[in-house]
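Trainee: my questions concern the predicted model and sequence given below.
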Amino acid sequence: MAAIDLHADIEILAAPADVAAVMFDPAREPEWMSAVSQVEVVDPALQPGARVRRTGTMLGRPVAWTSEVEAVHFPHVLTLRVSGGPFTGVLAYQIQRSGGGSHVRIQTRGDVPELGLLPAAVVEGPMRAALQANLARLKALVEAPATRPA
């Protein structure tokens with residue numbers, strides 16, 4: 001089984017609470033996470049133990065997985081335990097105030113059971129690129145000017 005430990009970082013010109021309002025909201029994930037097409041919130045509160053089921057595609061294949069909140073400290077930390085899909089492990093979102101806004105990091109640690117005995121290096125490059133692309137979409141979404149009623 002391939003074990004991975006990857007992270008991606010980006011600077012977003014917004015306060016941590018504004019970033020977390022999008023990043024920590026599972027209903028908004030299809031807007032910025034390429035692998036997520038549908039979200040089913042099982043436990044609506046953002047607290048330890050809350051679960052969310054997701055469906056989407058990875059490498060052109062349909063996938064489904066569940067996450068459970070391990071820790072949350074709004075607006076700085078959200079740690080999720082991921083199971084039941086092509087990846088099992090921990091997904092951590094970290095948001096820290098920085099000069100012009102927020103330093104945002106996604107870190108993923110765990111196993112990719114579907115790879116069997118293949119080395120982690122086979123999946124690390126594409127996964128790192130996907131994490132970075134997700135953060136770029138999050139940045140565009142959060143930094144977009146809000147539409148105001150006329």
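Mentor: Perfect, thanks for sending it.
Trainee: only C-alpha atoms from now on, for both contacts and neighbour counts.
Mentor: Noted.
Trainee: spell out the residue ranges of the strands in this structure.
Mentor: Secondary structure of the chain (DSSP state E): strands at 2-12, 36-41, 51-58, 61-73, 77-83, 88-98, 101-112.
Trainee: could you pull out the buried residues of the last one?
Mentor: Residues of strand 101-112 classed as buried by neighbour count (16 or more other Cα atoms under 10 Å): Gly101, Ser102, His103, Val104, Arg105, Ile106, Gln107, Thr108, Arg109, Gly110, Asp111, Val112.
Trainee: in TSV: the strands of the chain, plus mean pLDDT.
Mentor: Shown next, in TSV, are those (pLDDT from 0 to 100):
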stretch	mean pLDDT
strand 2-12	91
strand 36-41	96
strand 51-58	92
strand 61-73	94
strand 77-83	96
strand 88-98	96
strand 101-112	93
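Trainee: tell me the one of the buried residues of strand 101-112 nearest Ala3?
Mentor: In terms of Cα to Cα, no member of those lies closer to Ala3 than Asp111, at 4.4 Å.
Trainee: excluding chain neighbours, what is closest to that closest one?
Mentor: The shortest distance from Asp111 to any non-neighbouring residue, by Cα to Cα, 6 or more residues apart in numbering, is to Ala3 (4.4 Å).
Trainee: that neighbour reaches Val122, doesn't it?
Mentor: No. Checked against Cα atoms under 8 Å, the pair Ala3 and Val122 is beyond contact range at 11.0 Å.
Trainee: pick out whichever of those two has more residues nearby.
Mentor: Ala3 (18 against 11; other Cα atoms under 10 Å).
Trainee: check contacts around the more buried one.
Mentor: Applying Cα atoms under 8 Å, 6 or more residues apart in numbering, we find Ala3 in contact with Arg109, Gly110, Asp111, Val112, Ala120.
Trainee: ok, for Ile10, nearest residue in space, not its chain neighbours?
Mentor: Per Cα to Cα, 6+ apart, closest to Ile10 is Val104, 5.3 Å.
Trainee: ok, now how distant is the one you found from Ser98?
Mentor: 9 Å (Cα to Cα, to the nearest Å).
Trainee: dump the strands of the chain into TSV; add distance to Leu138 as well.
Mentor: As requested, the strands of the chain are exported to TSV (distance: least, Cα to Cα, whole Å):
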stretch	distance to Leu138
strand 2-12	9
strand 36-41	13
strand 51-58	18
strand 61-73	19
strand 77-83	16
strand 88-98	12
strand 101-112	10
